[in-house]
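Peer 1: only geometry, no sequence info:
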């Protein structure tokens, strides 16, 4: 994870490429830098993809992933936008994976994802017939994480017809 953060901050004026952030710095400065890179209109497609992938890898840590820090930095609405970017399927997969990691956190973290409308986006994506296997997998994982979190979240997904939509994916 430290190498991923060093790479993401190497181009910023205040950080040299050889400087490795301290463990406590990874959560804030690194994630903020990644979010800025993804949201910058000056970032190219590959740069956005790599930054989204770095964020996903940070949130994939087994112990203390910086989920709260990512949420505070604005990752959720940004990832939902990336998830809807049909012109870049690789970015869609990485964004879905980031949201899947966030929905594997606490109930309050999952609630943030729901409050930003991600469940509706997942269901809409899963209703597509030409869905890539990787994107399908991440969307199903995210919906499963949400459903497994609480009865209220599960009922909300049922109201969106998420279960039927997922089942249709496997009958195609």
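Peer 2: It's in. Computed from a predicted structure; not experimentally measured.

Peer 1: so which elements touch the helix or strand hosting residue 49?
Peer 2: Taking DSSP states H and E as the criterion, residue 49 maps to helix 45-59. The contact analysis (3 or more Cβ pairs under 8 Å, 6 or more residues apart in numbering; DSSP states H and E) places helix 45-59 against helix 2-9, helix 31-39, helix 67-72, helix 75-83, helix 89-103. All C-beta spots, glycine's among them, are computed from the backbone N, C-alpha and C.

Peer 1: which one of those helices lies nearest to residue 59?
Peer 2: Nearest to residue 59, of all the helices and strands packed on helix 45-59, is helix 89-103, at 3.8 Å by Cβ to Cβ.

Peer 1: got the angle between that closest one and helix 45-59?
Peer 2: Orientation check (axes from the mean of the first three to the mean of the last three Cα atoms, to 10 degrees): helix 89-103 against helix 45-59 gives 20 degrees.

Peer 1: on that earlier part again, in the helix holding residue 49, which residues are buried?
Peer 2: 48-59 (16 or more other Cβ atoms under 10 Å).

Peer 1: okay, the residue nearest to the spatial centre of the chain: pLDDT?
Peer 2: Centroid check for the chain by Cα atoms, centre = their mean gives residue 98 as the closest residue, at 2.1 Å. Here, the pLDDT recorded for residue 98 equals 98.

Peer 1: and residue 48, how far from residue 129?
Peer 2: From residue 48 across to residue 129, the span is 27 Å (Cβ to Cβ, to the nearest Å).

Peer 1: same check, this time on residue 110
Peer 2: Distance, residue 110 to residue 129, by Cβ to Cβ: 28 Å.

Peer 1: the more surrounded of the two?
Peer 2: Shown here are residue 110 and residue 129; by other Cβ atoms under 10 Å, residue 110 has more neighbours (24 against 7).

Peer 1: check the secondary structure at the more buried one for me.
Peer 2: Three-state assignment for residue 110 (DSSP: H, G, I helix; E, B strand; the rest coil): helix.

Peer 1: kindly list the longest helix within the chain.
Peer 2: Across the chain, the helix with the greatest residue count (assigned by DSSP state H) is helix 133-149.

Peer 1: list the contacts of residue 53.
Peer 2: Applying Cβ atoms under 8 Å, 6 or more residues apart in numbering, one finds that residue 53 lies in contact with residue 94.

Peer 1: so, low pLDDT: which residues of this structure?
Peer 2: Along the chain, segments meeting pLDDT under 70 span 1-27, 172.
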